[in-house]
Each structure stands twice: as structure tokens, then as C-alpha cells.
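> pasting the sequence and the predicted coordinates here, then a few questions.
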Amino acid sequence: MAALLRAVRAGRALRGLGSSKYGPPPAAASFDLVAAPAAKPECVSVKRGFRCAALMLQDESKSNKHVGQDPTAGTTQGESTSNTHADESTRANSSFQDESEEQGEEYETEEQLQGRILAAALEFVPQHGWTAEAIAAGAETLGLSSASAGMFNNGAGDLVLHFVAQCNSQLADILAEQHKQVQLGQAEPKKTADFLRDAVETRLRMHVPYIETWPQAMSILLLPHNIPEALKHLSTLVDDIWYYAGDRSTDMNWYRKRAALTGIYNTTELVMLQDSSPDFQDTWIFLDNRIQDAVNMATSAKQLQSTGEAVVQGLMGAALTLKNLSGMNQRR
Amino acid sequence: MAASVRTLFRRVVRRTYAGVSVPAAAVSLPSGRRWTPPSCRRFSHETGEKNTHFGFESVPEAEKATRVYQVFENVAQKYDIMNDAMSLGIHRLWKDALLHAMHPQPGTRLLDVAGGTGDIAFRFLDYIRSQKERQKRRVARSMQTPSWRDISDDYSDKDNREWGDAAGGGSQDGRAVVCDINKEMLKVGKEKADNMVVGDGLSWVVGDAEELPFADNQFDVYTIAFGIRNVTHVEQALQEALRVLKPGGRFMCLEFSKVTNPVLARLYDAYSFQVIPVLGEVIAGDWKSYQYLVESIRKFPAQEEFTHMIEEAGFDCVRYDNLTGGVVSLHSGFKL
């Protein structure tokens, strides 16, 4: 029954593809991949469509999430394959489901495909490390040849940066959700220090599955050609956390806060690498202490400033009094 | 008018080719047609056959394959020595660059078309062997400082050792198929393989790049090194490549191309047309073949145009890298 549904859907997709390009398709209902007609440019994209549809059928047979999916002509290829792995990559790309143009969709499909391969590669990282071998193994689970790992010119760098971006967007989603809860009144707003601590802890906990190989990942991020991208991700992360913590400053404090949080985050990350306590307790204690230090420094800076102002005012007053007493202040 | 000019051109060309003796009966075409001597070819263009380039000469398409076959038949024995002499050994670096870009994993199936003397296939097997060595060393190193989890796993299942490849030796090795239209070149390659300690995983197949004798979706990587400019219908070869590759498979083409730097281009042209045919005459005793070689390089489309052709054939993520300032370029595309 399921196979019949699949065949009907494939037939509908075929018919849809055919009508969108050139006239009615051949009558054959069987799914024939081999017979590609003479090399016309139009056939190229249809062939690609066939191949993607074949992949789609393969993926369908692996998953069972397709009951009631609506196959719009020409878009089934990209969206169904992306939906089966929607829980693997946070780039669910559901916004691309409405693309009905084949050209535009294939352009997106390449990046989607790369995203999927990298997401699949993450499960091989504990075994192979952050290397091109992990990407090749990930590609193989998707039914592609291991040679497709050659698509990533930066190799391991691409994998690490993809993972970092994925973690950052997950954190942003979690923080947005919490913010919404607070807005709706369903949760209490946290104090800044607690908020920062929770945010950094949540973000660092995402490294736990890969903590064995995380030193390798950090060293890859420090390679010269990866540094700009890595810094960009770090700065977006810190900015997001401060934004959801409620920071709307527009002066030097903006830079000071982000610099402080960057320092806290990086040092905590390094401590986590060498932490062998159960559930990384030592790391969270370290994080607490650092945040306390930052808060204390902020309050003592404020106190210093107000004390200094008070002292200066006092001195000015004393000088004025002296001038009055000595009679220098009189107008003659 | 045009016909008579063409016949005049042909007679001139034939006189310059007088030195090359071609035994008509001995040459067998892949499609089974007999090769007719040049005197009968005079009026073939009038029947409306399409012409293509053979070096700077224009020949009917049907004839190009034969002429190329003859060229490589003549040079097969001295092919490797001439490569070293002409490129001053740099061709080894180019081929190594191809392998590094490919970065094949153990278990990859390679099809090397126009592979001839097997340079790429040998390097491929070496690379895979060293990859496996590295993996073994890494596994051994990680076992030297086992975490408590590894130790407990070890106690539970002692039989499942992944890196002991007694069971799946063949499937984890790379396998390379060298395909060439020219039997002489394959013969030279096979002799080289016998002399080297290559082991198994290598096959030699006679086949035409425009009509490969393989089923669909067979290979992980398709390479063609310095061979695609000799193919009469390049688009057909590209489509055959697409056909035999698995989904996700990679097409890689190493080929001479247009030099970007004008100064270097002048030097390169001078070297190509003055030095190389002379080397060919001195070392291999064959001026004409190497004249054809340098002319065919000039006739091959430039990097961008070839990239476009590869994309038209259906490959994705097509890119190229220039090596040695554009003398050689490495094109790569994926079947997605």
C-alpha cells in the first residue's frame, strides 16, 4: 500500500516535471532512469530532476515521515529530502518549499545538499575526528559516493564552521523562546548574571558529544584561513547573548560588555577541555566565578566613578572655602 | 572552388607526411571499419562529413580517431621518457596535484580514461595505501591511551576489531580501472605494473571514451589526464563520464590549457613549437606526433569554456584550478 502511494506520487512528480518543461511526458509509467534522450540542454535539468527524485525515493524508503505530504510539481525533490533530515540540521529550509522554479530550486539544493552532508558527517566525528574522512563517511550515509567530500574545498574547516553555526543558531532559538516566555508572563525574568551563566552553559553543553575531539576543532578554527569566519561566528554568538540579556547600550559599554563575555566564553571553553569532573561541574563553577568577577568589576567601577566624582566635588568645595576665607574671592 | 583549395591543402599536407609509413592493413578501427589510404579520401569532404581539428589541420571527424590512434601507437614506447623530457619532470607534480585534490578514501573505485601507461592509477593505489597506513597508525595511537570507556568496551567485545582487515581486505582497498583506446599504451602500462610491486586492484580495459564499456553508476571517481583533447566528440565523452559515475561521483580532468600571463605565454609558445618537436625527433624519432601534440593543445578550449561544457553535460559544483600559471588546469565536477 505504501509502495503504491509512493509510485503514484512519483508518477505525479514525473508528470509535473514533464509539463513544466516540454509537453506531455512519455506514457511509460515505470520509473526509467537509464534512457536519457539526446543531449539537449533542457534534458539536463530534467535528468538532474530524475536523479534527485531517485534519491528522494531512496530516502523515502528509509524514513516514514511522508504520509500526507503534498507533492507540488517539481518541488518534491528538494523539499522531501530536506524534510527527512529536518531534525538533523537546524537549517530546516522550510522557507524554500514554496520555490516553484526549477532553476532557483536547484541552486538552493546544492547548498542544502552540502548542509545535509555536513550534518550527516557529524556523527562520524568521534570516529574520524574533524577531517575530510568524516565528511566522506557522512556522504556515504546519504547514498552519495565518498568522492563528493571533494565538494568542500576547506574540508575539515567547513565541517567545524558548519557545526559552530548550527550550535549558534540553536542557542539563538532557545534564547528567543525563553524571551517569548518572559514576554508572555509565563516565566520570571532572570538577573543578568544568571542569564549569562545559563546561556554560556547551554552553549558549551552542545560541545559535550564531541568533547574528545574538540581540541582538534579549536585548532582548525585557529588556522589563518578560518580565523575570519570563526571570529564572525563568535561575535554573533556574544552579540546574541547580550541582546537577549537585555543590553541596549549605545556607548563604550557595548564594546566592554561584549569583550568581557568573549573573554569569559573562551576561557570557560578551554577549561572545559581539561575538565574531568562529573558533568563538568568544575567548568560551571569556573564560569560562575568569572561572571561574578565581571559583575564585581562593573559595580566597583561604578562605585569608583561615583566616589571619584564625590571626592573631586569635595576638593573643589574645600578650595572655594579656602579662597573665601583668605579673602581672595572678593570683588573690589 | 573551396573543394579544390582543400584538395591542394591535402596534397601539401600529404607530402610533409611522406616520412610516416602507415601500414593500411594492420590498423584496425574500434568500430571495425577499415582505414582507407589518403588517395581515396580526396573527395570524402564532398559527401558532407563534418570536419574537426587534428592539430592545426582540418580532417573529417571519422578520420581523427584513426590519426590519433596512430600517433599514440607510434609514441607508446617512449611516452614516459618524452613526458619527463618535455615537461622537465613537472608532469609528476601535476599528477600528484590531481591525486591530492581527489583525496581518495579507502574503498574508492577509480576509472582512469585515456590512462594509457597508468600514471594516475599507480599514484591512486599508492595514495590509498598510505591513507590506510595512516588510519592504522591513528587507531594504534588512540589505543595507547585508552579512556575508561574504551577499556570497558574492550572487555565486552574482544572479537570486533575494526582495523584488522583480514575479512574485508579487497573492499577496503582502492580499485582502479585503466581504460584506453590504444592497445599499445595499455601494453606499456601493463609492463610497468608487472615491474612494480603494485599488488592487485588494477584492471586494464580497452575502450573508447565516447562509448565506455561499463554499466551505469559504477565508479566513484572518473579521471582523464591529458587525454580529453584527443577525443573527437568531447561532449559525448563528458556524458559517458556522467553515466558511469555513481551519484556523488567526481569527474576530474587534467589538461593543458591557456596560459594567463602574456609573458609566460610567449615563452611557452616558443618552447612548445621550437623545442618539443625537436625533442620528439631526437628521443622518439617522431617529429610529427609531437607537432600534433602541441597543436592540439592550442585547439582545445580555454578554462572557462571547458567549465561551461562540463556544466552543460550535467555536472555540478564545477571548478577549475590553474597549475603552473595556466599551462595545465585541473577541472572538477560532481554528479549530484
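Yep, it's here. These numbers come from a predicted model, not from an experiment. Numbering: from 1, shown residues only, chains lettered A, B, ... in the order given.
> what's near enough to touch the residue of the stretch 151-300 of chain A found nearest chain B?
Per CB to the nearest CB, A:Met151 is where the stretch 151-300 of chain A lies closest to chain B, at 5.2 Å. Quick note: C-beta positions are derived from backbone N, CA and C, even for glycine. A:Met151 sits next to A:Gln114, A:Ile117, B:Cys317, B:Phe334 when contact means CB atoms under 8 Å, 6 or more residues apart in numbering or on different chains.
> next one, pLDDT for the first one please.
This points to A:Gln114. pLDDT, A:Gln114: 92.
> quick revisit: ranking the contacts of A:Met151 by neighbours, who comes first?
Ranked by neighbour count (other CB atoms under 10 Å in any protein chain shown), the contacts of A:Met151 have A:Ile117 at the top, with 26 neighbours.
> at contact distance from chain B, anything in the helix or strand hosting A:Val271?
Per DSSP states H and E: A:Val271 is located in helix A:252-273. No - shown here: helix A:252-273 not in contact with chain B (CB under 8 Å from any CB of the partner chain), separated by at least 14.3 Å.
> give the rounded mean pLDDT of the following helix or strand past that helix.
As assigned by DSSP H and E, the chain's next helix or strand after helix A:252-273 is helix A:281-326. In this model, helix A:281-326 has a mean pLDDT of 93.
> and helix A:281-326, what does it pack onto?
helix A:192-205, helix A:252-273 (3 or more CB pairs under 8 Å, 6 or more residues apart in numbering or on different chains; DSSP states H and E).
> pick the most buried one from the ones you listed.
Highest mean neighbour count among the helices and strands packed on helix A:281-326 (mean count of other CB atoms under 10 Å in any protein chain shown): helix A:192-205, with a mean of 19.
> which phi and psi does the residue of the stretch 151-300 of chain A closest to chain B have?
When read as degrees, to the nearest 10, the backbone of A:Met151 gives phi -60, psi -30.
> ok, which of the helices and strands packed on helix A:281-326 comes nearest A:Ala136?
For A:Ala136, the closest of the helices and strands packed on helix A:281-326 is helix A:252-273, at 26.6 Å, according to CB to CB.
> name the surrounding residues that touch that closest one.
A:196, A:200, A:203-204, A:207, A:211, A:214-215, A:218, A:234-235, A:237-239, A:241-242, A:247, A:249, A:280, A:282-283, A:286-287, A:290-291, A:294.
> what do you get for stretch A:135-143?
A:55, A:58-59, A:116-124, A:127-128, A:145-149, A:152, A:155-156, A:158-159, B:105, B:247-248.
> buried subset of those?
A:55, A:59, A:116-122, A:124, A:128, A:145-149, A:152, A:155-156, A:158-159, B:105, B:247-248 (16 or more other CB atoms under 10 Å in any protein chain shown).
> among those, which are located in strands?
Residues of the buried ones among the contacts of stretch A:135-143 located in strands (DSSP state E): B:Pro247, B:Gly248.
> what helices or strands is the helix or strand where A:Asp173 lies leaning on?
Under the criterion of DSSP H and E, A:Asp173 resides in helix A:156-183. When contacts are defined as 3+ CB pairs under 8 Å, 6+ apart, helix A:156-183 packs onto helix A:102-121, helix A:132-141, helix A:192-205, helix A:214-221, helix A:227-245.
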